[in-house]
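Q: Just the structure for this:
(2 chains, ligands or ions: 1)
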Amino acid sequence: MTRSRVVSQRTGLPARRAVDEREPPPVTDTSQATTPQRYPFSAPHRLDVDPRYAQLRREEPLIRIRLPFGEPAWLATRYADVRTVLADPRFSRAASVGRDQPRNTPLQPDEGILAMDPPEHTRLRRLVAKAFTARRVEELRPRTRAVAEELVDGMLAAGPPADLVAHLATPLPIRVICDLLGVPVADQDRFRTWSEAIVSTTSLSPDTIRSYVDQLMGYMAGLIAQRRVTPTDDLIGAMVRARDENADRLTEEEVVQLAAGLLAAGHETTVTQIPNMVYVLLTEEGGWERLRAEPDLVPKAVEELMRFIPLGATAAFPRYAVEDVELGGVLVRAGEPVVVSVHSANRDESVFTDPERLDLGREVNPHLGFGHGVHHCIGAQLARMELQVVLETLLRRTPGLRLAVPPSELTWKSGLLVRGLTAMPVRW
Amino acid sequence: MSQEEPGRWRVFVDSTRCIGSGICAGAAPTHFVVVDGLSRPVEERIDPVEAVLDAAESCPMEAIIVSDVEGGRIAPEP
Ligand code: SF4
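A: A predicted model of the protein is given here:
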């Protein structure tokens, strides 16, 4: 059995300690009474976690918040409550359709599979889940290693200093997802531009977001049409066959949306997370030096970095209660939306020992970095594998890796659902 | 409820593979429950039902095995 499987089992193994032993506050019904706080509480600053979350976990685990657009919502900050909202069928994504959803752009989201509950959600997810199992992802590891070697060769030839974002973090996930789906890498300039629309909050105007989404869908519809003429063995080809064999169960639009979503989400997040991980390793105590001394920790380190890095910049994808639910000491009424803070959950001291500390060897680490429940990231195993390969390759090829500029001179993206660096000049 | 009648199914979750993602319990809440970060079947012998196949096919670790009472694999598909 491969190392990653052993470790991801272990790291996924939570958490007898996950039971929240803090006294729950008495149940109150305050949804109408309090003024919602603006959310996010503060503009994201690098990868800092706002100290208010720790206070909320202690004192007021569910509060009323208001995102820039849409109706007010509850915000859950404790690990156990966040898991409940993400996994309990009493909290629904499908029930968000047609509501004035709490959101970050004026546009009403049209999220396809992310706006579905089982069994509709499962029917669609099943169509592609097979391609993302741990077993299938392992088959992609040797090729991913070869790509990483080649890209690091390029980076070494270009510097030092060289930009890790441009040379490695961006091209690697794009090559991997393109191979898997069967999308020509040569088209990346176009689909990369359009993909920003799915993670944009204010970086693009609403009109541009709409236009990019349309172009991405049109592009994917074109790739799908090609496969009807020339069948292929890639994932888009498999989706087309499944659609044509089960036309009663899958609409063409669903297939197009799903494939486009996989292409966009399949790289936007990993492209962003690779530099975040390297940044944390190079700037936090117990980071790069420890990993260099103990390279076998890479799989665990990836889990710890997924826990430690607050990738999301705001809340998204509210869940609507379909019945009255008592949560975090308050009564969430049927029809009310709840959003969660995954970073807050990932730093919950009732689950994680010394949660503010980066511990690359952390044994018990049931983090929610890939979400939880039916919408648990379908690309989680793929992302894990890519992140492991990147770190292993850098450790071997550039053991002396360091930032080429002071951390304060790095520039961070803004106006996106995710936090990340625009560039990362490094030396070795 | 748990007699070995022909036509019934056996549901097994391999706890050495399960990562506690909660996908199965969400897809088939009457058939799976996640306890302490590991999924387990609510009942090990069940009448055939599509939702359990959905769960087995959706598990990223292929930790859920559905078989007939003779032990023949029904899901996940290889
Ligand atoms: S879907 Fe698989 S990995 Fe996730 S909880 Fe169920 S059995 Fe475990």
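
Q: quick one: contacts for residue A:375?
A: Counting by Cβ atoms under 8 Å, 6 or more residues apart in numbering or on different chains, residue A:375 makes contact with A:86, A:93, A:114, A:121, A:317. No exception for glycine: its C-beta is placed from N, CA and C like everyone else's.

Q: doesn't residue A:319 make contact with the second one?
A: Yes: look at residue A:93 against residue A:319 with Cβ atoms under 8 Å: they come within range, at 6.1 Å.

Q: Common neighbours of these two, please.
A: Applying Cβ under 8 Å, 6+ apart, one finds that no residue jointly contacts residue A:93 and residue A:319.

Q: list the contacts for the most centrally placed residue in chain B?
A: By Cα atoms, centre = their mean, chain B has its centre lying nearest to residue B:11, at 4.1 Å. Counting by Cβ under 8 Å, 6+ apart, residue B:11 makes contact with B:31, B:41, B:43, B:44, B:45, B:46, B:52, B:64, B:65, B:66.

Q: got a winner among those for most neighbours?
A: residue B:64 (27 neighbours; other Cβ atoms under 10 Å in any protein chain shown).

Q: what's near enough to touch it?
A: The contact partners of residue B:64, taken as Cβ under 8 Å, 6+ apart, are B:11, B:12, B:13, B:14, B:24, B:32, B:39, B:52, B:55, B:56, B:75, B:76.

Q: what about the residue in the stretch 151-300 of chain A that the ligand sits nearest to, neighbour count?
A: Nearest residue of the stretch 151-300 of chain A to the ligand: residue A:299, at 16.5 Å (Cβ to the nearest ligand atom). Counted with other Cβ under 10 Å, residues neighbouring residue A:299 total 23.

Q: Identify the residues contacting the helix or strand hosting it?
A: With elements taken from DSSP states H and E, the one containing residue A:299 is helix A:298-308. Residues outside helix A:298-308 that contact it (Cβ under 8 Å, 6+ apart) are A:3-4, A:7-8, A:11, A:273, A:276-277, A:280-281, A:284, A:291, A:346, A:352, A:358-362, A:365, A:367, A:369-370, A:384, A:387-388, A:391-392, A:395.

Q: which among those residues end up buried?
A: Buried residues within the contacts of helix A:298-308, counting neighbours by 16 or more other Cβ atoms under 10 Å in any protein chain shown: A:4, A:7-8, A:11, A:273, A:276-277, A:280-281, A:284, A:291, A:346, A:352, A:358-360, A:362, A:365, A:367, A:369-370, A:384, A:387-388, A:391-392, A:395.

Q: Give me the pLDDT value at the closest residue to chain B within the stretch 301-428 of chain A.
A: Of all residues in the stretch 301-428 of chain A, residue A:374 sits closest to chain B, with a separation of 3.5 Å (Cβ to the nearest Cβ). Looking at residue A:374, its pLDDT is 94.

Q: Without its sequence neighbours, what residue ends up closest to it?
A: residue B:26 (3.5 Å; Cβ to Cβ, 6 or more residues apart in numbering or on different chains).

Q: looking only at pLDDT, what's the mean for the host helix or strand of that neighbour?
A: According to DSSP H and E, residue B:26 maps onto helix B:23-27. Computed over helix B:23-27, the mean pLDDT rounds to 94.

Q: What's the separation between the spatially most distant residue from the centre of chain A and chain B?
A: Distance from the centre of chain A peaks at residue A:229, with 34.5 Å (Cα atoms, centre = their mean). Going from residue A:229 to chain B by Cβ to the nearest Cβ, to the nearest Å gives 28 Å.

Q: how close does that residue get to residue A:64?
A: Distance from residue A:229 to residue A:64, counting by Cβ to Cβ, to the nearest Å: 54 Å.

Q: which stretches of the chain form strands?
A: Using chain A here. Using DSSP state E, the strands of chain A run over A:37-38, A:62-66, A:73-76, A:91-92, A:162-163, A:319-321, A:325-327, A:330-332, A:337-340, A:402-403, A:425-427.

Q: that's the wrong chain, I meant chain B
A: Shown for chain B, the strands assigned by DSSP E span residues B:9-13, B:32-35, B:38-41, B:45-46, B:64-68, B:73-75.

Q: Neighbours of residue A:106, how many?
A: Residue A:106 has 11 neighbouring residues, counting by other Cβ under 10 Å.

Q: Confirm for me that it is in contact with residue A:69.
A: Yes: if you go by Cβ under 8 Å, residue A:106 and residue A:69 touch, sitting 5.5 Å apart.

Q: since we're on the residue nearest to residue A:374, how many residues are nearby?
A: Other residues close to residue B:26 by other Cβ under 10 Å number 25.

Q: shouldn't it be in contact with residue A:90?
A: No: taking contacts as Cβ under 8 Å, residue B:26 lies outside contact range of residue A:90: 11.3 Å.

Q: hang on, the earlier thing: residues in contact with the residue farthest from the centre of chain A?
A: Contact analysis of residue A:229 by Cβ under 8 Å, 6+ apart lists nothing.

Q: Now do the contacts for the residue nearest to residue A:374.
A: A:87, A:89, A:118, A:373, A:374.

Q: Excluding sequence neighbours, find me the nearest residue to the fourth one.
A: By the measure of Cβ to Cβ, 6+ apart, the closest residue to residue A:373 outside its immediate chain neighbours is residue A:87, 3.4 Å from it.
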